[in-house]
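S.K.: Predicted model and sequence below, questions to follow.
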Amino acid sequence: MAAPVETLPAPPVPRLHYAWIVVAVTFLVLLIGAGVRATPSILIVPWEREFGWTAATISVGIALNIFLYGMIGPFAVAIIERFGLRASVCGSLFVLAVGTAATSLMTAPWQMVLLWGIVVGSGSGMVANVLGATVAGRWFGKRRGLVVGLLTASSATGQLIFLPALASLAVGQGWRSVSLLVAGVTLALIPVAALLLRDRPADLGLPRYGETTVTPAPTFTENPAIRALRGLRTGLKSKDFWLLSGTFFICGASTNGLIGTHLIPACIDHGIAEVTAAGLLAVMGICDLIGTTASGWLTDRFDSRKLLAWYYGLRGLSLIFLPYSFDLSFYGLSLFAVFYGLDWIATVPPTVQLAGKSFGEENAALMFGWIAASHQIGAASAAWLAGMVRTDTGSYLGAFVSAGLLCLVAALMAGFVGRNPRAPALHPVPA
């Protein structure tokens, strides 16, 4: 459990608070980690051509990756609390580098499932959106919504902006060169994180950004797995937890699972070149950086429930429009990319804020970790089911329209969050 803490007077704060250095490093970590996680989306077709694997077979490994990415999130929060931010991040980057490098040697589907599904999925779970929520909570007393939005945008943007260059490399040099390049970049980031990351502002004798007193770092002695599971038990008793998890399940299904995994193959089905299709995802990534950062700013100022309703509603309409945009030439798809990109993962800042209001600021990151797990379960389900739909029907039409309708349901669900008294807080048990 966490030992009692007391606040201390703060020394003079430098003009540039070190919190922004931590944000910058975390931004890079999330950006690269997301790029690693998204790489298989440009490798589906090369794997089909070289190994003769079907989209359904490949989707199993990708779905497992997405599933583990989400399920490890809540345990990642507890591990960071127990072992520290710097050690946890550096360890996860090493696992990602090893997993992606080893992929270049695979020759069988089970190896793809092991490496991309289990190894890379486990490593990426430690550098998930829960990392951004943890950094924002530890280092910021003010502008927390903005920071969550910025770091969430880096994670989502990293899944998209690198794809055109990686797709060109895959076409020109082969898919194995992509795996080795991604592994090398990830490995190079480890010394940067080791040198600049700090666990808490108290380690430097600083208050959180926007505050005037230093809060000494608590000492966590509780087993990380027990703390994470206790958080889940508390959440399962709360209506808000189920509503937020349900909407986030749909969020994951409609973004990472469907568009992030299958938009490029869908474009190829309609005669659009792979590199051009990857460029559409890059446009989404740039728009997402703007949209999700703006969402963080809006979350600091407006009702998060109303924001979620707008985000899910507009996303649903975009997905229903997508199958018809293929018939409107590349310009129709470009319009979809801009509109959808602005809303790609703008749902995270208001969801984090609602988790904090429901379960308390001190437990927001942990509870958001479990809510984010449902996001990845939804993404994994959509990644697999959309591949099955494509294999069975020869088209993604049913997958796109179904996801759009689910988003409209999520827009309605968001309005019911937070209408009951706050859920029971998590009370640490003696270690």
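M.R.: Yep, it's here.

S.K.: which SS state does Thr107 fall under?
M.R.: coil (DSSP: H, G, I helix; E, B strand; the rest coil).

S.K.: Can you give me the neighbour number for the closest residue to it other than its chain neighbours?
M.R.: Using Cβ to Cβ, 6 or more residues apart in numbering and skipping residues adjacent in sequence, the residue nearest Thr107 is Phe51, 7.5 Å away. For glycine as for every other residue, the C-beta is placed from the backbone atoms N, C-alpha and C. The burial count assigned to Phe51 is 15, neighbours taken as other Cβ atoms under 10 Å.

S.K.: Any figure for the gap between Phe51 and Val45?
M.R.: 11 Å (Cβ to Cβ, to the nearest Å).

S.K.: that older thread, can you verify my assumption that the residue nearest to Thr107 contacts Ile58?
M.R.: No. Using Cβ atoms under 8 Å as the test, Phe51 is too far from Ile58 to be in contact (9.0 Å).

S.K.: Residues that sit against both of these two, list them.
M.R.: Pro109 (Cβ atoms under 8 Å, 6 or more residues apart in numbering).

S.K.: all strands of the stretch 51-200 of the chain, in order?
M.R.: Counting by DSSP state E, counting those that start in this stretch, the stretch 51-200 of the chain has no strands at all.

S.K.: pLDDT weak spots in it?
M.R.: Across the stretch 51-200 of the chain, residues meeting the criterion (pLDDT under 70) sit at 156, 159-160.

S.K.: hmm, 90 instead?
M.R.: 51-85, 103-104, 106-109, 112-113, 115-117, 120-175, 178-179, 198-200 (pLDDT under 90).

S.K.: pull the longest helix from the chain.
M.R.: helix 364-393 (DSSP state H).

S.K.: Which strands or helices does that helix pack on?
M.R.: helix 55-71, helix 73-83, helix 129-139, helix 224-236, helix 239-252, helix 259-269, helix 348-359, helix 397-414 (3 or more Cβ pairs under 8 Å, 6 or more residues apart in numbering; DSSP states H and E).

S.K.: hang on, Val36 packs against Val182?
M.R.: Yes. Look at Val36 against Val182 with Cβ under 8 Å: they come within range, at 5.4 Å.

S.K.: list residues touching both of the two?
M.R.: Thr100.

S.K.: about what we covered before: run the angle between the longest helix of the chain and helix 239-252 for me.
M.R.: Angle of helix 364-393 versus helix 239-252, following axes from the mean of the first three to the mean of the last three Cα atoms, to 10 degrees, is 40 degrees.

S.K.: Can you list the buried residues in helix 364-393?
M.R.: Residues 364-387, 389-390 are the ones in helix 364-393 that count as buried (16 or more other Cβ atoms under 10 Å).

S.K.: Between helix 397-414 and that helix, find me the angle.
M.R.: 150 degrees.

S.K.: Give the rounded mean pLDDT of helix 364-393.
M.R.: Averaged over helix 364-393, pLDDT sits at 84.

S.K.: What of stretch 307-322?
M.R.: On average, stretch 307-322 scores 92.

S.K.: what do you get for stretch 35-45?
M.R.: 81.

S.K.: Contacts for it, please.
M.R.: Outside of stretch 35-45, the residues within contact range by Cβ under 8 Å, 6+ apart are 55, 58, 61-62, 65-66, 69, 96, 100, 116, 120, 124, 158-163, 166-167, 170, 175, 178-179, 182, 185-186, 260-265, 268, 274, 278, 281.

S.K.: From the chain's centroid, how far away is that stretch?
M.R.: 15 Å (Cα atoms, centre = their mean, to the nearest Å).

S.K.: Now for Leu412, how many residues are close by?
M.R.: 12.

S.K.: Please apply the same query to Val22.
M.R.: 25.

S.K.: list the contacts for it?
M.R.: Contacts of Val22 (Cβ under 8 Å, 6+ apart): Val135, Trp139, Leu196, Leu197, Arg198.

S.K.: Turn those residues into TSV, columns for neighbour count and distance to Ser395.
M.R.: Shown next, in TSV, are these (neighbours: other Cβ atoms under 10 Å; distance: Cβ to Cβ, whole Å):
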residue	neighbour count	distance to Ser395
Val135	27	42
Trp139	27	47
Leu196	15	48
Leu197	20	46
Arg198	19	51
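
S.K.: which one of the residues you listed is nearest Cys251?
M.R.: Val135 (21.1 Å; Cβ to Cβ).

S.K.: what about the closest one, distance to Ala188?
M.R.: Counting by Cβ to Cβ, the gap from Val135 to Ala188 is 21 Å.

S.K.: before we move on, what about Ser238?
M.R.: From Ser238 to Ala188 the distance is 42 Å (Cβ to Cβ).

S.K.: Those two: who's more crowded?
M.R.: A count of neighbours by other Cβ under 10 Å puts Ser238 above the other of Ser238 and Ala188, at 18 against 12.

S.K.: Go ahead and confirm the more buried one touches Ser358.
M.R.: Yes. Using Cβ under 8 Å, Ser238 and Ser358 qualify as a contacting pair, with a distance of 6.4 Å.

S.K.: okay, now the nearest residue to Val147 once chain neighbours are set aside: neighbour count?
M.R.: Spatial nearest neighbour of Val147, chain neighbours left out: Ala136 (4.3 Å); criterion: Cβ to Cβ, 6+ apart. Look at Ala136: counted by other Cβ under 10 Å, it has 30 neighbours.

S.K.: what's near enough to touch Ala136?
M.R.: Arg144, Val147, Val148, Leu151, Val352.

S.K.: and with 10 Å instead?
M.R.: 19, 22-23, 26, 143-152, 208-209, 296, 349, 352, 364-365 (Cβ atoms under 10 Å, 6 or more residues apart in numbering).

S.K.: Figure out which of the helices and strands packed on helix 364-393 is closest to Asp203.
M.R.: Using Cβ to Cβ, the helices and strands packed on helix 364-393 put helix 129-139 closest to Asp203, at 10.2 Å.

S.K.: Report the inter-axis angle for that closest one versus helix 73-83.
M.R.: Going by the same axes, to 10 degrees, helix 129-139 makes 40 degrees with helix 73-83.

S.K.: Kindly export helix 129-139 (C-alpha atoms) in CSV.
M.R.: Output of helix 129-139 as CSV, limited to C-alpha atoms (Å, rounded to 0.1, in the frame of the first residue of the first chain):
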residue,chain,number,x,y,z
ASN,A,129,-2.6,5.4,-23.2
VAL,A,130,-2.4,4.6,-19.5
LEU,A,131,1.2,5.9,-19.5
GLY,A,132,-0.1,9.3,-20.6
ALA,A,133,-2.8,9.3,-17.9
THR,A,134,-0.2,8.4,-15.3
VAL,A,135,2.2,11.1,-16.3
ALA,A,136,-0.5,13.7,-16.4
GLY,A,137,-1.7,12.8,-12.9
ARG,A,138,1.8,12.7,-11.4
TRP,A,139,3.2,15.8,-12.9
